[in-house]
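Asker: pasting the sequence and the predicted coordinates here, then a few questions.
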Amino acid sequence: MRYLVLSDIHANLAAFEAVLRDVKHRHVGYDAIWFLGDLVGYGPEPNECVEQMRALAPAVSLAGNHDWAVLGKIDVAAFHDLAADVVNWTREVLTAENRAYLQDRPTQATVDDFLLVHASPREPVWEYVLDPATALANFAVMGTPYALVGHSHLPLLFVTNPAQPKERPRAFLVSPNTSIFLRSGLQYILNPGSVGQPRDQDPRAAYAVLDTEARTWTLYRTEYPVQHTQAKMRALGFAEPLIVRLQLGR
Ligand SMILES: [Fe+2]
């Protein structure tokens, strides 16, 4: 099976549509979509993005922390002020149907050897896996060879050998258009990066394709009209730092 793995769309429709177009142009092909959460928050098109996702009917579609904040399942006080403002705005504009879609999202899913969560295996909605020590703690509890995570908005890969529990996991920032071969016997935590708000200094939308037969993980990047999203944010009066960060990729 080939899975299109998306995460952290964050109400950025131009980025979301660009990814779907890029997948078609490259003829990468996939059998199903796995979405790792944060469909809304930060961006100006929450309803459009939820509707696009509903139309795609992904095999897995998880809740992220921003989705939960919009639903009131997480207190916005836990968020940066600028992010909280957009959470509050999203709450006001989200239609009842789209809110119901977010409400129904699970926080994790397991498909064969893959555990899917928004944030981390031990804290599915909240923890950032950014360093080998955090990855190590999560490798110990995940119970599967592979975990797919989003949340950090960075296309990171952590790998460890469970037969060598004292060795630190290795961490890589995955380059685009590079297929990583997933070796059996090792454990991996894989992040496809963010569609709608990349944070690795590369503003291009990120996504990944997982091929479970070839056992490959391939990251892709695609440009999108950042200025389209920014113009919509400005028209809605969103804070300037949230607008500028999209063109900087951070
Ligand atoms: Fe996010």
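Answerer: It's in. In this text, all values refer to a predicted model and were calculated from it rather than measured experimentally. Numbering: from 1, shown residues only.

Asker: could you find the closest non-adjacent residue to Glu113?
Answerer: Not quite, residue 113 is Asp, not Glu. In space, and not counting its chain neighbours, Asp113 is closest to Pro145: 4.8 Å by C-beta to C-beta, 6 or more residues apart in numbering. In short, each C-beta sits where N, CA and C put it, glycine included.

Asker: ok, Arg105 next?
Answerer: Distance criterion C-beta to C-beta, 6+ apart; nearest residue to Arg105, sequence neighbours excluded, is Ala63 at 3.8 Å.

Asker: close enough to count as contact, that neighbour and Val40?
Answerer: No. Applying C-beta atoms under 8 Å, one finds Ala63 not in contact with Val40, separated by 10.4 Å.

Asker: for these two, indicate the residue with more neighbours.
Answerer: Taking neighbours as other C-beta atoms under 10 Å, Ala63 and Val40 compare with Val40 leading, 31 against 25.

Asker: and stretch 56-71, end to end?
Answerer: 22 Å (C-alpha to C-alpha, to the nearest Å).

Asker: flag every buried residue along that stretch.
Answerer: Neighbour-count burial for stretch 56-71, with 16 or more other C-beta atoms under 10 Å as criterion, is recorded at 56, 59-71.

Asker: before we move on, the earlier item: list the residues that contact both of Ala63 and Val40?
Answerer: Leu102 (C-beta atoms under 8 Å, 6 or more residues apart in numbering).

Asker: re earlier: list the contacts for the residue nearest to Asp113?
Answerer: 113, 184, 186-188.

Asker: let's go with 7 Å and repeat that
Answerer: Neighbouring residues of Pro145 by C-beta atoms under 7 Å, 6 or more residues apart in numbering: 113, 187-188.

Asker: what sits against the residue nearest to the spatial centre of the chain?
Answerer: The structure's the chain has its C-alpha centroid closest to Ser7; by C-alpha atoms, centre = their mean the separation is 1.9 Å. Neighbour list for Ser7: 35-38, 150, 192, 194-195 [criterion: C-beta under 7 Å, 6+ apart].

Asker: return the residues of this structure in contact with the ion.
Answerer: 8, 38 (C-beta under 5 Å from the ion).

Asker: strands along the chain, start to end?
Answerer: 2-6, 32-35, 60-61, 108-111, 114-117, 146-148, 156-160, 170-173, 179-181, 187-190, 205-211, 216-222 (DSSP state E).

Asker: before we move on, the earlier item: quick one: the residue nearest to Asp113 from Thr110, how far?
Answerer: To Thr110, Pro145 is 11 Å away according to C-beta to C-beta, to the nearest Å.
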